[in-house]
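*Asks:* coordinates for the following, if possible.
(chains A and B)
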2 protein chains.
Amino acid sequence: MSIFSNFSPLLATTEAENAPIVLTGVLLSLVVIYLASKIGGELSKKLDLPPVLGELVGGVIIGASALHLLVFPEGGAVASDSLVMQLLEKINNLNPEAINQIFASQSEAVSILSELGVIILLFEIGLESDLRELQKVGYQAAIVAVVGVIAPFAAGTIGLILLFHVPTIPAIFAGAALTATSIGITSKVLSELGYLKSREGQIIVGAAVIDDVLGIIVLAVVASLAKTGEIDVMNLIYLIISASVFLLGSIFLGQFFNQSFVTISDKLQTRGQLVIPALIFAFLMAFLANAIHLEAILGAFAAGLVLDETDKRKELDKQIIPIADILVPIFFVTVGAKTDLSVLNPFIVENREGLIIATFLIVVAIIGKTITGWSVSGKEQLNRLAIGFGMIPRGEVGLVFAGIGSASGVLDKPLEAAIIVMVIITTFIAPPLLRFAFKNPAKQLTTDSN
Amino acid sequence: MSIFSNFSPLLATTEAENAPIVLTGVLLSLVVIYLASKIGGELSKKLDLPPVLGELVGGVIIGASALHLLVFPEGGAVASDSLVMQLLEKINNLNPEAINQIFASQSEAVSILSELGVIILLFEIGLESDLRELQKVGYQAAIVAVVGVIAPFAAGTIGLILLFHVPTIPAIFAGAALTATSIGITSKVLSELGYLKSREGQIIVGAAVIDDVLGIIVLAVVASLAKTGEIDVMNLIYLIISASVFLLGSIFLGQFFNQSFVTISDKLQTRGQLVIPALIFAFLMAFLANAIHLEAILGAFAAGLVLDETDKRKELDKQIIPIADILVPIFFVTVGAKTDLSVLNPFIVENREGLIIATFLIVVAIIGKTITGWSVSGKEQLNRLAIGFGMIPRGEVGLVFAGIGSASGVLDKPLEAAIIVMVIITTFIAPPLLRFAFKNPAKQLTTDSN
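*Replies:* Here you go, the predicted model:
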């Protein structure tokens, strides 16, 4: 105890002195992050792949796997591993202790920015998810979503336990990561192909919306399981109930709150009259979710869903875009940078199990979603292959699982890297598969496509 | 040394475990900050005062002076002083050591967000400052700006040294804080009164633009003086030259860079194609300014000036608005929250000197700017009182001085609080004074007012 109390004042003094250098480090890190996200995103787009894939790969390249421009203490890195820190050390003539402290502070600041990024992302996904869209394709979309969650989750978790002897909790976490569907990637690809308004397109989008909700409940459940370290059935029930009650309850209460949000925003006359009340609501919901031991992003998503139902939706959406543009890439690049892909180097013998796991996850991820097309009821002629392929990309939400699993220490490095490789491959493979399904013979089976 | 190395792994583990709680703390702090900024800003607007004044007062109310919702270790506060930390402690059953660490991390994260806020603010001011606007009223505006910098700086610094025996460096810092003019407040008030396009209005805006540039050079010079701790004439010359070369050089080089920025942005096809390259440029310039030992905000301001000259200006301006809306209030509220106004309590005997200093600064601040109206050359009939009154509000830039002076430890608490009170009073008094000067007899002297 006396060490701590003697130590604190010294720590405080040094921190105040180093504050401008921490800011310099954060600024340089942001420049590197933005460059990686833009170069990666644009190259990805040029190759006709989703930009988010490029941002992730950009992060991998500047991170622990390759250039070491952006590394984090959680990954076992020290200040001298970071090229940014080496540069700061040279500019400011720092001693090793100061540079270690600056490294810790800077990494923490970038991590907080990245977490704010994923909160804004889920808020934006909530704003873009339209509950009414869903009601049109209702039952069919729900079946696709539920099958697309249960099949890969069950096959993935059981397979990892039985075939690879992975402990139960990491296996459940990896299985859960297989359940997500990236609504952003799917709807963007559909729109580019001109099939967004087709019946298949509507079912895919509807199912992806439901999947977002299910995925976030699954995430909240497994993340809390990861925290307590064991499967407590009462806890499981508590979590499912609290996640459902929180999400459905906030949507229900949101109907009444909606109008007062619009009224308040209309009355405000100073700058930020729309975006600041919206963020107060989103951050408050994120805080509340955290306070009842769910994930912060669940609250942000619920806030987005609630505000999506107001007249202000379009205006808010427009204002959130630049905010998301500057914060969300920090999340994707950071996830990539924290991933050490060297554990998947096939030339190192110990890595081979990780690689086999990755291959297994990829196969489960693709088959588990593709079969959902045949779960659709009704006698109408549908392009079932396209529906299944449309559900494949894991995108943002899959990465959220990997990020939270890594932060909570549940996933060991090979399994975490295997999940990220699975996310990359499914995200990578979905656009060409979807194009194949729509443009080829199966197209003749399509009804109502306009 | 062995204490440090034994200590680090423990520290790292605890930090990783506490990470979600740090995020919870940051989210709750942001909710509190946004509520304070909006309530303060709106009330201020209702009272016909500039919103920024209300944000600052909102910060004072939630901060160290009153509610203790947002306090910082630099001000001598510990975790148990913070109501937010007390709440987190209850929710998560934390021990005192964990809560102290979370308090430090959370405070650092909020500080970094606030510093990013002021960087974005100066970038935005740069974007709004129009070099061409200036050329029209050219010479007259320049005289007003230069007199408005020299008169209060000289009177303030010399007065503090001779009358109050303040040491030279803090006296220079306080004098420098008297030089700023808030272009935002001034131009907003002029536009509300309908005098923005009058000759007086143009001179005020032009002078405020030049004052922004001069103020930032002055700030860079005094902040660097504060760092080295003494007045080194060679260093002074180096700083004036490097600040001028940096600012003018980047504007000059910017003319050539401008077009490639537009070309690059036009070629990009993924989200954030305009705002991300702009922020890469702004953050890189801020980093470079820091690396040559100037202030980061000087770089951000120069980046704004350069990008203001492109075709993308309007679009960029529109996209920066929501980003500024969510980051800039964090800066103003944090400045207010860090100010402990209790040092100005007149019932405590030791405080009285601080109060007398504040009164002195306010008098110098008002007179030093008011006289600038009579420095305008030319025989035309001008509302000289209005010009002088228009230069009075210190606003954002004055607060930047107080914030940096506080962070670098140059200003003692009474002097820092005196500067903030001066900024509040000048910001508070300018709109009614300006209205008085324009609406009353002096108006008959106005020429060319439309």
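
*Asks:* could you measure from A:Pro20 over to A:Ala207?
*Replies:* Here the distance between A:Pro20 and A:Ala207 works out to 50 Å (Cβ to Cβ, to the nearest Å). Where you see a C-beta, it was placed from the backbone N, CA and C, and this is true even at glycine.

*Asks:* my error: substitute A:Leu56 in the last question.
*Replies:* Using Cβ to Cβ, A:Leu56 is found at 24 Å from A:Ala207.

*Asks:* more neighbours, the two?
*Replies:* Counted by other Cβ atoms under 10 Å in any protein chain shown, A:Leu56 and A:Ala207 do not tie: A:Ala207 has more neighbours, with 33 against 29.

*Asks:* pretty sure that one is touching A:Met391, no?
*Replies:* Yes - A:Ala207 is in contact with A:Met391 according to Cβ atoms under 8 Å; the separation is 6.4 Å.

*Asks:* mutual contacts of these two, please.
*Replies:* In terms of Cβ atoms under 8 Å, 6 or more residues apart in numbering or on different chains, A:Ala207 and A:Met391 are both contacted by the residues A:144, A:148, A:181, A:372.

*Asks:* filter these down to the ones close to chain B.
*Replies:* Restricting those to those near chain B by Cβ under 8 Å from any Cβ of the partner chain leaves nothing, as none qualifies.

*Asks:* reformat those as a markdown table; add neighbour count, pLDDT and secondary structure.
*Replies:* Listed next are the shared contacts of A:Ala207 and A:Met391 as a markdown table, based on neighbours: other Cβ atoms under 10 Å in any protein chain shown; pLDDT from 0 to 100; DSSP: H, G, I helix; E, B strand; the rest coil:
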| residue | neighbour count | pLDDT | secondary structure |
| --- | --- | --- | --- |
| A:Val144 | 30 | 92 | helix |
| A:Gly148 | 31 | 93 | helix |
| A:Thr181 | 32 | 84 | coil |
| A:Thr372 | 30 | 91 | helix |
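
*Asks:* tell me the one of these nearest chain B?
*Replies:* Proximity of the shared contacts of A:Ala207 and A:Met391 to chain B, judged by Cβ to the nearest Cβ, is greatest for A:Thr181, which lies at 20.0 Å.

*Asks:* check which helix or strand the closest residue to the closest one other than its chain neighbours maps to.
*Replies:* Using Cβ to Cβ, 6 or more residues apart in numbering or on different chains and skipping the chain neighbours, the partner closest in space to A:Thr181 is A:Asp211 (4.2 Å). Per DSSP states H and E, A:Asp211 falls inside helix A:199-228.

*Asks:* now A:Gly254
*Replies:* helix A:233-267.

*Asks:* following element in sequence after that helix, please.
*Replies:* As the chain continues past helix A:233-267, the following element, by DSSP H and E, is helix A:275-291.

*Asks:* what packs against that next one?
*Replies:* If contacts are counted by 3 or more Cβ pairs under 8 Å, 6 or more residues apart in numbering or on different chains; DSSP states H and E, helix A:275-291 sits against helix A:96-128, helix A:233-267, helix A:296-308, helix A:313-338, helix B:2-46, helix B:313-338.

*Asks:* now render the ones you listed as JSON lines, adding mean neighbour count.
*Replies:* Written out in JSON lines, the entries for those read as follows (neighbours: other Cβ atoms under 10 Å in any protein chain shown):
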{"stretch": "helix A:96-128", "mean neighbour count": "23"}
{"stretch": "helix A:233-267", "mean neighbour count": "14"}
{"stretch": "helix A:296-308", "mean neighbour count": "27"}
{"stretch": "helix A:313-338", "mean neighbour count": "23"}
{"stretch": "helix B:2-46", "mean neighbour count": "19"}
{"stretch": "helix B:313-338", "mean neighbour count": "23"}
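
*Asks:* looking at these, which is closest to B:Phe347?
*Replies:* Across the helices and strands packed on helix A:275-291, B:Phe347 has its closest neighbour in helix B:313-338 (22.0 Å, Cβ to Cβ).

*Asks:* what angle sits between the helix holding A:Asp211 and helix A:96-128?
*Replies:* Interaxial angle of helix A:199-228 relative to helix A:96-128 (axes from the mean of the first three to the mean of the last three Cα atoms, to 10 degrees): 140 degrees.

*Asks:* now do helix A:199-228: distance to the chain's middle.
*Replies:* Put simply, helix A:199-228 sits 11 Å off its chain's centre (Cα atoms, centre = their mean, to the nearest Å).

*Asks:* list the buried residues in that helix.
*Replies:* Within helix A:199-228, the residues scored as buried using 16 or more other Cβ atoms under 10 Å in any protein chain shown are A:199-226.

*Asks:* in the stretch 351-450 of chain A, what residue lies closest to chain B?
*Replies:* A:Ala407 (6.1 Å).

*Asks:* just checking, that residue touches B:Ala19?
*Replies:* Yes - distance between A:Ala407 and B:Ala19: 6.1 Å, which falls inside the contact criterion (Cβ under 8 Å).

*Asks:* who in the stretch 101-250 of chain A is up against chain B?
*Replies:* For the stretch 101-250 of chain A, the contact set with chain B under Cβ under 8 Å from any Cβ comprises A:104-105, A:108-109, A:111-112, A:115-116, A:119.

*Asks:* shaky segments in the stretch 201-350 of chain A?
*Replies:* Screening the stretch 201-350 of chain A residue by residue with the criterion pLDDT under 70, one finds the ranges A:212, A:216, A:220, A:228-232, A:235.

*Asks:* pretty sure A:Asp412 contacts A:Ala171?
*Replies:* No - taking contacts as Cβ under 8 Å, A:Asp412 lies outside contact range of A:Ala171: 11.6 Å.

*Asks:* tell me which of those two has more neighbours.
*Replies:* Comparing A:Asp412 with A:Ala171 by neighbour count (other Cβ under 10 Å), the higher total belongs to A:Ala171, at 20 against 16.

*Asks:* how about that one, secondary structure?
*Replies:* Judged by DSSP: H, G, I helix; E, B strand; the rest coil, the three-state class of A:Ala171 is helix.
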